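Student: here is a sequence together with a model predicted from it:
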Amino acid sequence: MKLVTMLCLLFCTFTVVLMAQDGLIDVMELNSFGRIATFDELAEERTWSSIDCNSAQVFEIIADPDDAANMVGLFKSTSCTDEGFVLEQAFVPFDFSLHTHMSLDVYAPAADLKVVFKIFSSADPNEAKTVEVMTAVAAEWDSLNFDFSGTPAGMYDRISIHPDFGEATENVEWMFDNIRMGRGGLLPIPNNGLLVDFDTVTPFMHWWDCNSTTGEFIIVDNPVKDDVNSSDKCGLYFTSDCAWEGFAIAEKFEPLDFSVISEARIKVLAPAPDLQFMFKVELWEDSGVMVETVALTEVGNAWEELIIDLSPIESFKYTKIALFPDFQSAAADEEWYIDDVMLTDPFNVSVQDEGKVIKVFKLSATNYPNPYNPTTTISYNVPLPSKVKVTVFDMTGRELQTLVDAEHTPGEHTIQFDASNLASGVYLYQVETSYDMVVNKMLLMR
């Protein structure tokens, strides 16, 4: 969960001040990734208040017991059955036409406790909608997602949260962090597509089988370093006697765009050739929405890279990735080694070869926000003096606009791209110098 929290905190913009009919009020505007609030930002000013039938103070902001550098919200329950805490500021009214969920990280005292997420109108608090979710785990961080699909836009602009709703408990402690609005997808895919390599990128994962206990996944030393995989660490999965078992590399991604990322690459060291290995994507909120793709191993007891074609998968739908070694077998105690799980674009040569090319000078470029509507800022770092050309193309390679064509000094530079006259879709921008070139994708979403 800490990995999810850290990656989500990379994408942050915050408040604007708007004029209301009764004067100036602070109005929070969501960024494109839907982040609403973290308690790091709220620690120095009192922007939260408790609501309790006895007017008791039941909420405060404290240092995370597991990470003193991070602030979290601490809630202590009382004998009231409807208690919680409320964010004092109003937001730009929530629009649920695209981002259908509210979510927050929760450290609950037990599983199967009810948490109510309430949105209401600052103009008329009687205008409200609540969604209930049950906690799944105890005494560890988890993310809860609250489905507000179909909620009218332009009405609700306030938030309150009610732990253990409907129960009367005394001095039970909860912790909260990272309140977001989105589709339930919380973890963005890295730019290079690498989900985990076990040496430097540690996965957030879990595993399961029909007995729920005998399957096991651990991180171990690479038992066979060779030309295919020379990594120091890898993952080891022990099969049980179940025909349906596996593990999730991560859950709750930002919705995956398989029109851009159309291939999976996974290094495996299988116990034998001709064994099935399944790559599966699901909608996290509904495991019945899924696509399953199966590859066969070619060798046994040696590393090989399985390449799985994902191009037929519908875009912007799936938020979870799961892997199933020796799918539909019922062999116990098989050892499957896994490493370097990647989602890639097979048509982007620069991304595929990035790890194989050593460059003394590295040109880099990003754009934010991405997705965007209709403007985005392209930032590029020029390591050496050079003439720089920044050009935008469509996915067919047709040049649409030259944004920059001028001499540059070393350092960070920015240029804004306005796509007001373009249709929704994926576009390319190319940053070219005399010694290097970077091509990245950006998504216009109206």
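Tutor: Right, received. Where do you want to start?
Student: could you list every residue that touches the closest residue to Ser311 other than its chain neighbours?
Tutor: Distances taken as Cβ to Cβ, 6 or more residues apart in numbering put Ser262 closest to Ser311, at 4.0 Å, once the chain neighbours are dropped. Every residue, glycine included, has its C-beta placed from N, CA and C. Ser262 makes contact with 309-311, 345-346, according to Cβ atoms under 8 Å, 6 or more residues apart in numbering.
Student: what ranges does the chain have for its helices?
Tutor: Here the chain has its helices, by DSSP state H, at 2-9, 39-42, 349-352.
Student: pretty sure Asp326 is touching Trp336, no?
Tutor: Yes: counting by Cβ atoms under 8 Å, Trp336 is a contact partner of Asp326 at 7.0 Å.
Student: which neighbours do the two have in common?
Tutor: In contact with both Asp326 and Trp336: 239, 270-271, using Cβ under 8 Å, 6+ apart.
Student: Serialize these to CSV and add fields for neighbour count.
Tutor: Listed next are the shared contacts of Asp326 and Trp336 as CSV, based on neighbours: other Cβ atoms under 10 Å:
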residue, neighbour count
Thr239, 24
Ala270, 25
Pro271, 17
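Student: which intervals of the stretch 251-400 of the chain have sub-threshold pLDDT?
Tutor: 251-252, 284-288, 315-317, 346-362 (pLDDT under 70).
Student: beta-bridge partners for the spatially closest residue to Arg265 that is not a sequence neighbour, please?
Tutor: Once flanking residues are discounted, Arg265 sits nearest to Met342: 4.6 Å by Cβ to Cβ, 6+ apart. Beta-bridge partners for Met342, by DSSP bridges, are Leu194, Arg265.
Student: Met342 touches Lys267, doesn't it?
Tutor: No: using Cβ under 8 Å as the test, Met342 is too far from Lys267 to be in contact (9.1 Å).
Student: more crowded one of these two?
Tutor: When Met342 and Lys267 are compared for neighbours, Met342 comes out ahead with 23 against 19, by other Cβ atoms under 10 Å.
Student: which residues touch Val390?
Tutor: Counted by Cβ under 8 Å, 6+ apart, Val390 has contacts 378, 380, 402-405, 415, 429-432.
Student: restricted to buried residues, select those residues in ChimeraX.
Tutor: The ChimeraX command for the buried members of the contacts of Val390 (criterion: 16 or more other Cβ atoms under 10 Å) is given here:
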select :378,380,403,404,415,429,430,431,432
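Student: any idea how far Glu88 is from the residue of the chain positioned farthest from its centre?
Tutor: Within the chain, Asn54 marks the point farthest from the mean C-alpha position, 39.0 Å out by Cα atoms, centre = their mean. Distance of Asn54 to Glu88, given as Cβ to Cβ, to the nearest Å: 20 Å.
Student: also Asp309?
Tutor: Relative to Glu88, and taking Cβ to Cβ, Asp309 is found at 51 Å.
Student: list the contacts for Asp221?
Tutor: Taking Cβ under 8 Å, 6+ apart, we find Asp221 in contact with 232-234.
Student: by neighbours, which of those residues wins?
Tutor: In terms of neighbour count, Cys234 stands highest of these at 25 neighbours, by other Cβ under 10 Å.
Student: and that residue, how close does it get to Trp336?
Tutor: Using Cβ to Cβ, one gets 10 Å for the distance from Cys234 to Trp336.
Student: quick check: neighbours shared by those two?
Tutor: Overlap of the contact sets of Cys234 and Trp336 (by Cβ under 8 Å, 6+ apart) consists of Leu269.
Student: quick revisit: nearest to Pro369 among the shared contacts of Asp326 and Trp336?
Tutor: Ala270 (41.2 Å; Cβ to Cβ).
Student: quick check: the closest one touching Trp336?
Tutor: Yes: using Cβ under 8 Å, Ala270 is in contact with Trp336, at 6.1 Å.
Student: so what sits against both of these two?
Tutor: The contact sets of Ala270 and Trp336 overlap at 325-326 (Cβ under 8 Å, 6+ apart).
Student: give me the subset of the contacts of Asp221 that lies in strands.
Tutor: Members of the contacts of Asp221 lying in strands (criterion: DSSP state E): 233-234.
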